[in-house]
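Q: I'd like to go over a predicted model; first the sequence, then the structure.
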Amino acid sequence: MNEEMEALNRNCTWELTELPSGRKPIGCKWVYRIKYKSTGDIDRYKDRLVAKGYNQREEIDFDETFSPVVKMVTARMIISIAYQKNWSLCQIDINNAFLYGDLTKDVYMSLPEVILIKLIQDINDYSLFVKVSEIDCLYLLVYVNDIILTGSNTKIIDECKLFLKIKCRIKDLGYLKYFLGIELLDNNDCLVLSQRTYCLEVISEFGLLGCKPAITPLENGVIFSNLDDHDSSDQPLENISEYQKLIGKLIYITLTRPDIAYAMHCLSQFMHAPLKSHLKATFRVLRYLKGCPGKGITVRRNNNFVVTAFVDSDFAKGSMLRKSVTGFCVFMGNNLISWKSKKQSTVSRSSAEAE
């Protein structure tokens, strides 16, 4: 807490003054968090003084809120490129990142300015910054206050770290091993991205650590019904918040588990009116993960950067709306970097039209 107060005073976050007549102050509170390592051990205790922004009213006290959040497909692509080219992968944490923004109104905080003015902001992902010269290249990915940094040589990476240290206080976390719940394990011949620790935490939270694992995420040929056309024996869930919470956690696990992407696409459609059969199917996904919690994405060095995409679809499967589902996966070389399962926006009249 002392370090947090020191940072607030050092950055001149506020100044003491009389409360103007007719103005209502917004309260503040301390938020405490425990940061864990990938092994589950405690890394450090973290506290932050925050304003109670939930008392503000949209379009009166603020227009919009935004934090730089890199797309996970961009992160997987940059990690794949860096590993294949044998570049150094570094991780940086910005101390008190939100204190480097400029206040434009009394109750509104704007997006912090871009601190690396020599980097080019990518037009496809505004949280990716690139610097390319004739001999060197540097990639910087921003996820709120966490940064992934890689480049063609260590000199340009060290120069970037030095520039960041001059502009703001940072914590150099060294080689990238754990990022947003994703573990990176270097096995010399390959790099594995997995969410084993997080996956086991979710399984334990819902009491299925001792369950029998399932072979597949969903039963073969299963078709889900909604609240309007369900069987009388299949009753709606009384507590839908737990179902929504579980779906959200499983969707996050799909960042490294494309094998459950289709299952989560199907089950997430019933978040506002789930049935007991939907919860049972969701628990089956957990039982499937129980059998292989450490499975993830493998990145191998092959010096092949050709982008290849594969796509397929079903035809009007299920009783709801008769819309087909398209699934695709994108490879860079032999490494999988993107995947998705998505319902089509229109109704197809044939399998050829669906594809």
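A: Nice, thanks for sending it over. Quick caveat: nothing in here was measured; it's all calculated off a predicted structure.
Q: backbone phi and psi for the closest residue to R300 other than its chain neighbours, please?
A: Distance criterion C-beta to C-beta, 6 or more residues apart in numbering; nearest residue to R300, sequence neighbours excluded, is C190 at 4.8 Å. (Glycine included, C-beta is placed from N, CA and C.) Dihedral pair for C190: phi -160, psi 160, per degrees, to the nearest 10.
Q: low-confidence ranges in the stretch 101-250 of the chain?
A: 101-118, 227-232 (pLDDT under 70).
Q: could you measure the residue most central in space within the chain against D41, distance?
A: Geometric centre of the chain, nearest residue: M72, 6.1 Å, by C-alpha atoms, centre = their mean. Remark: distance between M72 and D41 (C-beta to C-beta, to the nearest Å) = 25 Å.
Q: again with V307
A: Counting by C-beta to C-beta - V307 and D41 are separated by 39 Å.
Q: The two: who's more crowded?
A: Neighbours were counted for V307 and for D41 using other C-beta atoms under 10 Å; V307 has more, 11 against 7.
Q: So the more buried one sits against C329, correct?
A: No: V307 is beyond contact range of C329, at 11.5 Å (criterion: C-beta atoms under 8 Å).
Q: Give me the common contacts of these two.
A: Common contacts of V307 and C329 (C-beta atoms under 8 Å, 6 or more residues apart in numbering): none found.
Q: can you pull the buried residues of the host helix or strand of T282?
A: T282 is part of helix 276-291 when elements are defined by DSSP states H and E. Across helix 276-291, burial judged by 16 or more other C-beta atoms under 10 Å covers 277-279, 281-290.
Q: for stretch 328-346, same thing?
A: For stretch 328-346, burial by neighbour count (16+ other C-beta under 10 Å) applies to 329-333, 335-341, 344.
Q: From those residues, pick the one nearest L184.
A: Ranked by distance to L184 (C-beta to C-beta), the buried residues of stretch 328-346 are led by N335 at 13.7 Å.
Q: For the closest one, name its beta-bridge partners.
A: For N335, the beta-bridge partners are M332 (DSSP bridges).
Q: Same question for I92.
A: Assigned bridge partners for I92, using DSSP bridges, are I147, D172.
Q: From here on, call the first residue 28.
A: OK, 28 is where the count begins now, so the last one is I119.
Q: I'd say it and R196 touch.
A: No: using C-beta under 8 Å, I119 is not in contact with R196, being 11.0 Å away.
Q: of those two, who's got more company?
A: Set I119 next to R196 and count neighbours by other C-beta under 10 Å: I119 wins out with 21 against 17.
Q: Many thanks, have a good one.
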